Structure formats: structure tokens, C-alpha cells
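**Q** curious how this folds, go ahead:
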Amino acid sequence: MKVTGKKTVFKGRFLSIVDKYMVGSNGINKVWETVERVNVTGRGAVVIVALTHKGELIFEKNWRAPLESYVIQFPAGLTDISGESEEETARRELLEETGYLADKLIPVIAVPLAPAVMPTAAMHYFAPDVKFMGAANSQDDEEIEVVKVPLQQVNDFLLNRQEGVELDLRVPGILWIMREKKLI
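**A** Residues are numbered from 1 along each chain as shown. Presented below is the predicted three-dimensional model:
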């Protein structure tokens, strides 16, 4: 496949719908509808896997409008502040959304978020030994509940979560990668 052009067909406050024109290896022209983030830099997002000094992983039960449901996920945010590095974004988002401060951030892996629909990727960071600094300061359009789970109880928590609460499947995947890398 080779992309030969693209056309923005809708631009909103946060997202654009873009038609990508391509030529397949068989020479046939194709069009693929994609979604692109507006006003992000670099990969577009960061995710923070935070661990307290008590050995608790920090999750969020976050309201997600597209699903009309809460989702269990790691703290995360967009790289939408000009001049701010991914690492600075990760520290800021963790503090804003959870009230925890990360002194150390270890890059784990960058992965695409929804590769069939958008090019946005997220850099995942491990934040060991985070410190609670006070109440979270989430944005008005966010509804987030911080959930701390002892590392030894994470599998049970993910398998037996509350009825009607979705699970971001990147969570077990990133945890597996971190175990394989001997980070947790």
C-alpha cells in the first residue's frame, strides 16, 4: 500500500475525519476513512503505569463518552501542550488526574491506540514509587475515580471488575510486557 494523498472532510475541536487515498500493491486505488487528533504533537499520547511505595498500581475508572460507560485504564493524556516533552506530559497528567507525583519515569513501549482508525500512538511510562501530593485536579470534561490495587490482586481486579465497567485491553498487555521486562 502507498498513500497518495489525503483530504480532511471534517474538522472538529478535538478530531478530524480524513480520507486517505492509496494505491494497493495490485494497482487498485482505495480510500480509507481515518480519524486524526487535532492539536497534538509527536505520537499524540502518554500512558503512565504508576506504582505506590505500598506496591499498589494506580488505575482510573474513567467515563468515556464514545462508549457511554466507565473504563478501567491507566492514567493517560494527550501531548497537546506546545514545547512540553512526552515525559513532562506524563508527569503533569499523572499529577492532575490522580494527585500522585512521579520522580522517576521509565519508558516501556510506544504502541498505536487504534491502528485501524487513527495514527495516534501512546508512549507508556513506568512510574515506580509515586508519592501522593493531594487531591486530583481533573479537567471539567473528565470524570475520573482513582483506584489503587495491590500488585498481587491485579489479575482478580481486572477479571472481576464492577458490572458495566469496561476494561481497556491495553492494561493486561502492558502489564505482561512490564513483567517480561522485570519492571514489576
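
**Q** can you give me the strands in the chain?
**A** Applying DSSP state E to the chain gives strands spanning 2-11, 15-23, 29-37, 44-52, 56-64, 69-73, 76-78, 100-101, 106-112, 121-132, 144-150, 165-167.

**Q** how about the residue lying closest to M123 once chain neighbours are set aside, what does it touch?
**A** Nearest residue to M123, sequence neighbours excluded (CB to CB, 6 or more residues apart in numbering): A110, at 4.6 Å. Where C-beta positions appear, they are placed from N, C-alpha and C, glycine not excepted. Going by CB atoms under 8 Å, 6 or more residues apart in numbering, A110 touches 43, 121-124.

**Q** picking that back up, nearest to R92, out of the strands of the chain?
**A** Smallest distance to R92 across those (CB to CB): 7.3 Å, for strand 76-78.

**Q** and for that closest one, what are the contacting residues?
**A** Counting by CB under 8 Å, 6+ apart, 37, 40, 44-48, 89-90, 92-93, 96-97, 122 sit against strand 76-78.

**Q** over to stretch 14-32?
**A** Here stretch 14-32 makes contact (CB under 8 Å, 6+ apart) with 1-11, 33-39.

**Q** next: stretch 79-87.
**A** Against stretch 79-87 from outside (CB under 8 Å, 6+ apart): 39-46, 89, 92, 105, 123, 125.

**Q** and the furthest pair within the residues you listed?
**A** Greatest spatial distance among these (CB to CB): N39 and L105, at 23.3 Å.

**Q** ok so, going back, among the contacts of strand 76-78, which one sits closest to N160?
**A** Comparing these against N160 with CB to CB places V47 closest, at 22.9 Å.

**Q** wouldn't the closest one be in contact with D168 here?
**A** No - using CB atoms under 8 Å, V47 is not in contact with D168; the gap is 9.3 Å.

**Q** A122 reaches I48, doesn't it?
**A** No - using CB under 8 Å, A122 is not in contact with I48, being 10.0 Å away.
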